[in-house]
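K.L.:
Could you look at this predicted model? Sequence included:
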Amino acid sequence: MTAAQPDVTVVIGAYEAMPYLVECLASVEAQTLDAARLEVIAVDDGSRDGTSAYLEEFAARAPMAVTVIHQENSGGPSGPRNVGLAKATGRYVFFLDADDRLGAEALERMVAMGDRNGTDVVLGRVEGINRKPPRSMWGETLDRTDVYSSNIKFTLSAQKLFRREFLERHGMRFDESLWTGEDALFTMEAYLRADGVSVLADYTCYYLVGRTDGKHVTKSGSYTLRFDSARALMGLLERLIPPGAKRDVLMVRPFLVTVLPQFGPVFLRNDEGIRRTKLELAKPLMDAYWNEGVAQRLRVHERLRLELVARQRPELLVDVLEFIKAKREPAPILKKRNTQLYLAYPHYGDRTAGLPDRIYLAEPREAKEFPGWRKDPTETFLRGFSRKVRRRLRRLRRSMRPGGTAAA
């Protein structure tokens with residue numbers, strides 16, 4: 001690191017961002033990280049609402065180095081982010097959306113976290129302002145984790161701190177052919193390639209702001225773009241992870257977050273043409289990636305809906321969605337000495353529908369919510385035994401390394 005190199009480059013892609021840009025840039029200016037350790041690269045993506053002029057005004061008065069780039073509208077956030085990343089000189093890069101804002105200590109804390117742990121990606125706690133933020137990954141601060149042993153797969157937005165040398169080494173850029181979900185593709189690849197990920201959960205680093213003018217990118221675009229996004233993310237997982245449990249764990253994310261919402265309440269409002277198109281778009285994804293390993297990681301109603309999509313059974317799917325819309329509760333059916341619990345959503349036990357009972361079988365994490373269910377003692381014993389065997393094998397492998405000592 002040279003004396004002139006900043007710690008962080010904040011890349012801001014801005015399109016029609018007023019008046020949200022005012023507070024966004026104020027949050028950058030308010031950072032407790034020394035201004036000499038910070039640079040800003042702002043890319044105006046063809047705005048016509050005063051965004052361009054305000055960026056220039058900020059650059060003229062800001063205490064840190066600010067570069068403003070003006071370009072024709074690219075149609076999405078990937079282009080501006082790539083332009084900013086190509087110009088970045090910081091040890092780390094942070095992608096800040098022009099309608100969001102940072103916590104005052106965000107960059108200082110995240111840089112310290114990355115430096116202390118030698119991790120390539122740092123996640124800072126997110127809160128929402130008129131928007132629902134991701135929640136499941138903020139239970140505790142984690143100095144070093146990965147995408148398999150934490151819930152970070154459910155926050156794939158680009159607003160993370162990335163070690164720039166790591167991004168350059170792997171030639172990582174945002175996919176400009178995607179109109180939505182481009183950040184999920186980029187961030188998942190970073191998680192998979194990173195030498196460790198840190199989670200800073202005890203301080204709000206990022207405020208996700210919901211726009212009231214309807215211009216937020218996640219609220220726009222055709223449903224077909226969601227399938228494009230799912231296809232790209234599933235393809236990435238297929239390329240980078242061999243078949244098996246690890247791939248299945250991560251495939252849950254695009255199925256649950258991107259595909260399943262297309263077959264929720266909105267499906268009941270869709271006309272027959274859209275329903276048919278959605279099923280056609282989903283079919284190759286279901287054929288290629290839907291399997292028992294993914295299915296068993298979902299709740300019963302999620303699994304059932306996706307199974308009906310995989311089987312191309314819209315008439316049965318509508319029955320299930322009407323049942324859920326009416327807020328009806330499925331009857332719990334206990335079997336095998338109360339160690340198996342089935343949830344009787346529509347068509348359970350209906351042989352004419354041709355759906356196997358296993359689709360309705362609740363996994364333990366869901367079954368435990370129902371009185372009367374109990375763990376299978378045989379399964380509990382086998383899982384415990386399997387954990388002991390894995391621990392012994394890890395100790396044995398460590399003892400066989402140079403300088404290792406024999407396990408007792």
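P.N.:
Nice, I can see it.

K.L.:
Show me the shaky parts of the stretch 51-200 of the chain.
P.N.:
Residue ranges of the stretch 51-200 of the chain with pLDDT under 70: none are present.

K.L.:
Just the strands from it, written as ranges.
P.N.:
Listed in chain order, the strands of the stretch 51-200 of the chain (DSSP state E, counting those that start in this stretch) span residues 65-71, 92-97, 101-102, 121-129, 142-145, 161-163, 197-209.

K.L.:
excluding its backbone neighbours, what's nearest residue 65?
P.N.:
residue 39 (4.4 Å; C-beta to C-beta, 6 or more residues apart in numbering). For the C-beta atoms, the positions are set from N, CA and C on the backbone; glycine is no exception.

K.L.:
Could you export the strands of the stretch 51-200 of the chain as a markdown table, including distance to residue 239?
P.N.:
A markdown table is the format used below for those (distance: least, C-beta to C-beta, whole Å):
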| stretch | distance to residue 239 |
| --- | --- |
| strand 65-71 | 31 |
| strand 92-97 | 23 |
| strand 101-102 | 33 |
| strand 121-129 | 19 |
| strand 142-145 | 23 |
| strand 161-163 | 20 |
| strand 197-209 | 20 |
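
K.L.:
Which of those sits closest to residue 190?
P.N.:
Distance to residue 190, taken as C-beta to C-beta, is lowest for strand 121-129 among the strands of the stretch 51-200 of the chain, at 5.3 Å.

K.L.:
pLDDT averaged over the helix or strand harbouring the residue nearest to residue 65, what's the number?
P.N.:
Secondary structure from DSSP states H and E places residue 39 in strand 38-45. Per-residue pLDDT over strand 38-45 has a mean of 97.

K.L.:
what sits up against it?
P.N.:
Contact with strand 38-45 is made by 6-15, 28, 31, 51-52, 55, 58-59, 62, 64-71, 73-74, 79-81, 83-84, 87-90, 107, as judged by C-beta atoms under 8 Å, 6 or more residues apart in numbering.

K.L.:
Can I have the buried ones of those as a ChimeraX selection?
P.N.:
Selecting only the buried entries of these in ChimeraX, with 16 or more other C-beta atoms under 10 Å as the criterion:
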select :6,7,8,9,10,11,12,13,14,15,28,31,51,52,55,58,59,64,65,66,67,68,74,79,80,81,83,84,88,90,107
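
K.L.:
Keep only those of the contacts of strand 38-45 that are in helices.
P.N.:
28, 51-52, 55, 58-59, 79-81, 83-84, 87, 107 (DSSP state H).

K.L.:
Return the member of those residues nearest to residue 305.
P.N.:
residue 81 (33.8 Å).

K.L.:
Per-residue pLDDT of residue 392, please?
P.N.:
pLDDT, read off for residue 392, is 72.

K.L.:
Tell me, how many residues neighbour it?
P.N.:
For residue 392, the count of nearby residues is 11 (other C-beta atoms under 10 Å).
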